[in-house]
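Undergrad: sequence and computational prediction follow.
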Amino acid sequence: MKKSLVLLLSFAVASLAAVQADVPAAMREGQAVATFGGGCFWCVEEAFDKVEGVIATTSGYTGGDVPSPTYEQVSAGGSGHYEAVSVVYDPDKVDYRDLLQTFWHNIDPTDAGGQFCDRGSSYRSAIFYHNPKQKRLAERSKQELQESGRFEQPIVTDVLPASEFWKAEDYHQNYYEKNPLRYKFYKWSCGRAQRLEELWSGEAQASN
């Protein structure tokens with residue numbers, strides 16, 4: 001009986017350690033999370049990984065109704081999800097306003113039908129706010145961009161409350177690092193880099 005109790009306690013401790021190891025970094029003290037949808041999450045992930053103060057990025061799906069969606073379900077357009085990236089960052093090193101600037105400079109905010117060559121509802125651009133402050137800053141940033149006169153067309157990027165975020169399949173994570181040649185070919189053939197340069201005149205942070 002005593003031996004069984006020891007084994008049970010050992011199993012419980014091991015399980016707790018495993019759970020703690022799997023806790024998203026955003027749950028740790030002093031860190032925060034932001035979520036953005038900007039078309040292909042491979043490209044959005046690359047853009048934010050280059051920002052000092054960003055701790056981790058995760059490609060996934062959010063904003064839909066289907067639990068645990070697959071890439072096939074989301075890309076087909078029937079699940080209601082956006083392709084999105086969860087960005088864990090250190091607020092002492094990078095401000096949320098700076099993350100918003102990185103986001104804008106890596107999307108076409110006037111495209112309501114998707115992003116670049118990726119068409120459909122799952123590729124629409126969106127900012128998913130996690131608290132009232134993020135909402136206020138996101139809406140203000142969108143308004144300032146609209147009033148800046150840079151674009152003749154309206155800014156159609158959604159500002160939405162964050163909902164459940166489902167991590168995408170493992171092969172999507174850090175795709176630009178795992179498959180650099182395929183990734184570069186995709187981004188160039190999709191016209192993303194060229195369009196970002198046209199829209200932002202060198203301000204895009206991941207156009208190369």
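TA: Noted; the coordinates are in hand. Numbering: from 1, shown residues only.

Undergrad: residue 39 versus the spatially most central residue of the chain, what's the distance?
TA: Taking C-alpha atoms, centre = their mean as the criterion, residue 85 is the residue nearest the geometric centre of the chain, at 1.5 Å. Residue 85 sits 10 Å away from residue 39, taking C-beta to C-beta, to the nearest Å as the criterion. For every residue, glycine as well, the C-beta is placed using N, CA and C.

Undergrad: which ones are touching the nearest residue to residue 129 once chain neighbours are set aside?
TA: Among residues not flanking residue 129 along the chain, residue 135 sits closest, at 4.0 Å (C-beta to C-beta, 6 or more residues apart in numbering). Residues in contact with residue 135 (C-beta atoms under 8 Å, 6 or more residues apart in numbering) are 129, 159, 161.

Undergrad: dihedrals phi and psi, residue 135?
TA: Taking degrees, to the nearest 10, you get phi -60, psi -50 for the backbone angles of residue 135.

Undergrad: pLDDT wise, what is it at?
TA: Looking at residue 135, its pLDDT reads 98.

Undergrad: can you check residue 30 too?
TA: 86.

Undergrad: next one: the one 10 residues further on
TA: With respect to pLDDT, residue 40 has a value of 97.

Undergrad: can I assume it is in contact with residue 123?
TA: Yes. Taking contacts as C-beta atoms under 8 Å, residue 40 lies within contact range of residue 123: 7.1 Å.

Undergrad: mind listing the strands for the chain?
TA: For the chain, applying DSSP state E gives strands covering 32-38, 54-62, 82-89, 114-115, 118-119, 125-129, 158-161, 165-167.

Undergrad: alright, that wraps it up for me.
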